[in-house]
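Participant: I'd like to go over a predicted model; first the sequence, then the structure.
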Amino acid sequence: MDIEEWEERYSMAFSGISEILDSINGVFVAYNSNVDAIKHVSEKDIHKLISIVGAKAVQQRAAEYPREIQDPVDLVARLVIAMRDGKAAEVPTYTTDTHKWLMDNMVFDKARMGGQAGIISNLLANLGINNVITYVPWLSKEQAEYFVDTPNLKYPVMENGVLKLKHPHDAFDVNQRPKVNWILEFSKGTKVEYAEEVFEVPRDNRLIISSRPSWLRIDMSEQLYDQIPHMNGMVDGAILAGYQMIKEKYEDGATYRDYVRKAVKVIKRLKEGSPDMRIHVEFTSIQNKVIRKTILKDIVYKHVSSLGLDTVEVANALNVLGHEELAYAVISKGENSISALYEGAVKLLCELKLERVHIHSLGFYVCVASRDFPLTVEEHRDALMFSSTLAAAQALHGGIGSLKEGETGLSVPISERGHNDLEQLEKYLVRRDVCTGAEFEDGCVCALNHDLIVIPTKVVPDPVATVGIGDTISAGAFTAILAMLRKKSEAN
Ligand code: 8BR
Ligand code: GLC
């Protein structure tokens, strides 16, 4: 299909999905909400930070590739790496000194709802989904203020042994402190010069400094666990994220195994009484490889239906699953990277026993789905186009206040570059007899043991911010899928 035809399909997909969104009863969203302190790092800012900690020190530390921020040199080194590669990353910090140092040396531009679950909850509430049941284990007063004020957004609380759903504004814990992450956004073309290094930022992206105070637990009270099945009638599916916060060891002797067990228990409870309930997990950048592997092998494997991730996250996932070469090919800049991405998606689908894997990249999405998933490839494609439209709206405005505002994404043109990038994949698949050129052109491929859906996407040349776009994409597509599944089940 040429770009014009794609544009038409986009409009049809967006209006089609918009019309059926209210068929969904609700979505359960957990675990991570936080406050994002967003700072756009200019050329002046980065050079100032480098000069404060010393250029030589930054150069040395960058070579060591710190996976945790223990001091300001770690921070500036990881920022320089992210800017050099134009890649998104999230690095944890366990000390409050990092926040203090950032506050002393920089002023953030704005504070917004952050965390995958927080961003997704607000998005779905603004889109008008009937019930968005959001859960964050650390709902402080400050955090609660970042939730949108709509009656469809609800937070589960236990009152005298009874489950009540209240708006987060009426449900916070007065003794809880907020979790604040720093989002250091940078723009393509920013020139950086220090020690012997000189580079230009290749694309807009950001580094996230994720605060991990010791009270952070991916958890739920026993009482609430017991009550989860009572929410079943109200929700069609769940979107879960934040597992990256699980630590190998805790001060009180608990280990990651305890929290993995709890995480799986929640999924099992959600499915109790409705085994067909779809669970989506939004993956992220996870520095600790033990945790990354455990999340995939012990939480996602067999328990989850749908996984959303970006290209770097695909490489990271493949890496811990023992596919180092493929992982390397995915992040290489060569022409094989897109075919490696597809092969990687198939590996994740099969090895993790998923029903759907949705990979988003700048300019195109690749989604593989199991053949027995009860939707057609065209329906899967509509879900992707709906989500790309929302992503464009998010990049345009920095947020989506309503379905109407989401629709403004349709005005953003489809990326020609993304459309062209897909040709590499087409050649690869046609050469291997996976599909014909015509099938690929439509973005709908029924391969031997999986479906493949590819679309070129809408890209905003000057995005307001990039943080949260991935969450919008995955949540938008998954919710569209829930709506179509609901419509199908009603028709039967
Ligand atoms: P993560 O947050 O999971 O890394 O996802 C970011 C996603 O946002 C990318 O995969 C890309 O699809 C999308 N995106 C980015 Br980055 N910049 C965008 C832009 N300017 N317009 C539309 N989508 C964008
Ligand atoms: C991660 C970060 C959070 C950010 C979100 C955006 O969850 O911890 O700060 O808002 O990603 O996707």
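Facilitator: Received, thanks. Numbering: from 1, shown residues only. Ligands and ions are numbered 1, 2, ... in the order given.
Participant: ok, how many other residues are close to the closest residue to ligand 2 within the chain?
Facilitator: Closest approach between the chain and ligand 2, counting by CB to the nearest ligand atom: residue 114, at 3.2 Å. In short, each C-beta sits where N, CA and C put it, glycine included. As a burial measure, residue 114 scores 27 neighbours (other CB atoms under 10 Å).
Participant: now do the same contact list for it.
Facilitator: Applying CB atoms under 8 Å, 6 or more residues apart in numbering, one finds that residue 114 lies in contact with 33, 34, 35, 36, 146, 181, 183, 467, 468.
Participant: count the residues that sit near the residue nearest to the last one when sequence neighbours are not counted.
Facilitator: Counting by CB to CB, 6 or more residues apart in numbering, residue 119 is the residue found nearest to residue 468 once chain neighbours are left out, at 4.5 Å. One way to gauge burial is a neighbour count; for residue 119, by other CB under 10 Å, it gives 29.
Participant: let's have the chain start at 414 instead
Facilitator: Sounds good: first residue 414 from here, last item residue 532.
Participant: let me see the contact set for residue 532.
Facilitator: Per CB under 8 Å, 6+ apart, neighbours of residue 532: 526, 881, 884, 885.
Participant: does it belong to a helix or a strand, and which?
Facilitator: helix 529-540 (DSSP states H and E).
Participant: how far away from the center of its chain is that helix?
Facilitator: 12 Å (CA atoms, centre = their mean, to the nearest Å).
Participant: does that helix reach ligand 2?
Facilitator: Yes - with CB under 6 Å from any ligand atom as the criterion, ligand 2 is reached by helix 529-540 at 529, 532.
Participant: so, in contact with ligand 1 or not, stretch 642-654?
Facilitator: No - residues of stretch 642-654 contacting ligand 1 under CB under 6 Å from any ligand atom: none, with a closest distance of 10.6 Å.
Participant: can you give me the strands for the stretch 464-613 of the chain?
Facilitator: Ranges of strands in the stretch 464-613 of the chain, per DSSP state E, counting those that start in this stretch, are 502-506, 523-527, 545-548, 566-572, 575-579, 593-599, 604-607, 610-613.
Participant: starting at the chain centroid, how far to whatever helix or strand residue 739 lives in?
Facilitator: Using DSSP H and E, residue 739 sits in helix 737-744. Helix 737-744 sits 21 Å away from the centroid of its parent chain (CA atoms, centre = their mean).
Participant: stretch 754-768 now?
Facilitator: 17 Å.
Participant: and for stretch 872-887?
Facilitator: With CA atoms, centre = their mean, you get 11 Å for stretch 872-887.
Participant: now tabulate the contacts of residue 527 in CSV and tack on distance to ligand 1.
Facilitator: Shown next, in CSV, are the contacts of residue 527 (distance: CB to the nearest ligand atom, whole Å):
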residue, distance to ligand 1
446, 16
447, 15
448, 17
449, 12
559, 18
594, 13
596, 11
880, 7
881, 7
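Participant: tell me the secondary structure at the residue in the stretch 764-905 of the chain that ligand 1 sits nearest to.
Facilitator: Distances between the stretch 764-905 of the chain and ligand 1 by CB to the nearest ligand atom are smallest at residue 883, namely 2.2 Å. Secondary structure assignment for residue 883 (DSSP: H, G, I helix; E, B strand; the rest coil): helix.
Participant: anything in stretch 864-881 near ligand 2?
Facilitator: Yes - using CB under 6 Å from any ligand atom, we find that stretch 864-881 touches ligand 2 at 880, 881.
Participant: may I see the buried residues of that stretch?
Facilitator: Within stretch 864-881, the residues that count as buried by 16 or more other CB atoms under 10 Å are 864-873, 876, 878-881.
Participant: try stretch 773-792
Facilitator: Buried, per 16+ other CB under 10 Å, within stretch 773-792: 773-783, 786, 788, 790, 792.
Participant: so which of the residues you listed are in helices?
Facilitator: Using DSSP state H, 790, 792 are the members of the buried residues of stretch 773-792 that sit in helices.
Participant: per-residue confidence at the residue nearest to residue 881?
Facilitator: Per-residue confidence (pLDDT) for residue 532: 98.
Participant: wait, what's in contact with residue 566?
Facilitator: So residue 566 contacts 534, 535, 538, 545, 547, 560, 580, 581 (CB under 8 Å, 6+ apart).
Participant: residue 823 and residue 424 touch, don't they?
Facilitator: Yes - the criterion here is CB atoms under 8 Å, and residue 823 meets it with residue 424 at 5.9 Å.
Participant: now do the strands in the stretch 764-905 of the chain.
Facilitator: According to DSSP E, counting those that start in this stretch, the strands that the stretch 764-905 of the chain contains are 769-773, 777-782, 857-859, 864-869.
Participant: going by mean pLDDT, which of those strands comes out lowest?
Facilitator: strand 857-859 (a mean of 94).
Participant: if we go by neighbour counts, what in it is buried?
Facilitator: So strand 857-859, judged by 16+ other CB under 10 Å, has buried residues 857, 858.
Participant: and it, what other elements does it pack with?
Facilitator: In this structure, strand 857-859 makes packing contacts with helix 790-810, strand 864-869, judged by 3 or more CB pairs under 8 Å, 6 or more residues apart in numbering; DSSP states H and E.
Participant: quick check: mean pLDDT of the first one?
Facilitator: It refers to helix 790-810. On average, helix 790-810 scores 98.
Participant: repeat for stretch 561-574
Facilitator: 95.
Participant: residue 549 contacts residue 526, doesn't it?
Facilitator: No - applying CB under 8 Å, one finds residue 549 not in contact with residue 526, separated by 10.8 Å.
Participant: so what sits against both of those two?
Facilitator: Counting by CB under 8 Å, 6+ apart, the shared contacts of residue 549 and residue 526 are residue 446.
Participant: of these two, who's got more company?
Facilitator: residue 549 (25 against 22).
Participant: residue contacts, the residue lying closest to the more buried one once chain neighbours are set aside?
Facilitator: Sequence neighbours aside, residue 446 is the residue nearest to residue 549 in space, at 4.1 Å (criterion: CB to CB, 6+ apart). Neighbouring residues of residue 446 by CB under 8 Å, 6+ apart: 526, 527, 528, 530, 531, 534, 547, 549, 552, 556, 559, 560.
Participant: which one of those residues has the most neighbours?
Facilitator: residue 534 (32 neighbours).
Participant: OK, contacts around that residue?
Facilitator: Taking CB under 8 Å, 6+ apart as the criterion, residue 534 is in contact with 442, 446, 545, 547, 560, 566.
Participant: which bits of the protein sit near ligand 2?
Facilitator: 445, 447, 449, 503, 527-529, 532, 594, 621, 623, 697, 880-881, 883-884.
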